[in-house]
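Visitor: next comes the sequence, and after it the predicted model I'd like to discuss.
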Amino acid sequence: MPTLIRRTSAEVWVDASTVDLVGEDLVTEFEPDWSTTGLVDADPDGDGARVICGQEIGDIAVTAELWDDAPPPAADDWQDIAEVSVAWRSAFLDFGTTGSGDDPAERLDLPGPGDYRLRVHGRNRDDGDPRTDGDPVEEYLIQAWPAPHGAPVTIKSTSETAALWRSR
């Protein structure tokens, strides 16, 4: 039975429709291919991944979890779910748009460098851009666990946002 090791949450500022998941360098520079999942892509050079959002600019809610093994997907109330593999070179995963990486509350500490699987869940991706006070907050759940490299997988895809990005 998989065990949750730790969890962190943050309000993340989205700019240019993406959330960068980064390591110690606090930056990832690669051109994502959204056509596979319409949700997430991993930097082929490691230590980075990008999540594509429904809104171009604004605040979203992100929760990241570290598991000791593959957890069950939280499929019922999420629009989109996809997995990618990353070769992580750092001891933490940071939401690249939140700040300096020095605040442990804004990052997910990992057991160390290695191969990980990231499962990204997204919801409220189609609920307006820009968002107004009455619109639902766009939310993401990122589950990470040590795992050998594997191909990207789309587990669930029901949002118009994912369909749009997969069709490009």
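Guide: Received the coordinates, thanks.
Visitor: and the gap between the residue of the chain most remote from its centre and Asp76?
Guide: Most distant from the centre of the chain: Gly134, at 24.5 Å, with distances by Cα atoms, centre = their mean. Relative to Asp76, Gly134 is positioned 25 Å away (Cβ to Cβ, to the nearest Å). The C-beta positions use only the backbone N, C-alpha and C, and glycine is treated the same way.
Visitor: over to Asp129?
Guide: 25 Å.
Visitor: those two: who's more crowded?
Guide: Neighbours around Asp129 and Asp76, counted as other Cβ atoms under 10 Å, are more numerous at Asp129. The numbers are 17 against 6.
Visitor: now that one, nearest residue through space, not along the chain?
Guide: Gln55 (4.2 Å; Cβ to Cβ, 6 or more residues apart in numbering).
Visitor: list the residues that contact the one you found.
Guide: 14, 17, 128-131, 138 (Cβ atoms under 8 Å, 6 or more residues apart in numbering).
Visitor: next one: Ala162
Guide: 37-39, 79-80, 122, 125.
Visitor: again, but for Thr154
Guide: 36-39, 80-82.
Visitor: kindly report the same for Ser35.
Guide: 165-168.
Visitor: widest-spaced pair of the contacts of Thr154?
Guide: Greatest spacing in the contacts of Thr154, by Cβ to Cβ: Thr36 and Ile81 (13.3 Å).
Visitor: which of the two has more residues huddled nearby?
Guide: Ile81 (25 against 17).
Visitor: just checking, that one touches Arg125?
Guide: No - judged on Cβ atoms under 8 Å, Ile81 makes no contact with Arg125 at a distance of 11.8 Å.
Visitor: just the strands in the protein please.
Guide: 4-15, 18-22, 40-42, 48-52, 57-67, 80-88, 92-95, 107-109, 114-123, 139-146, 153-157 (DSSP state E).
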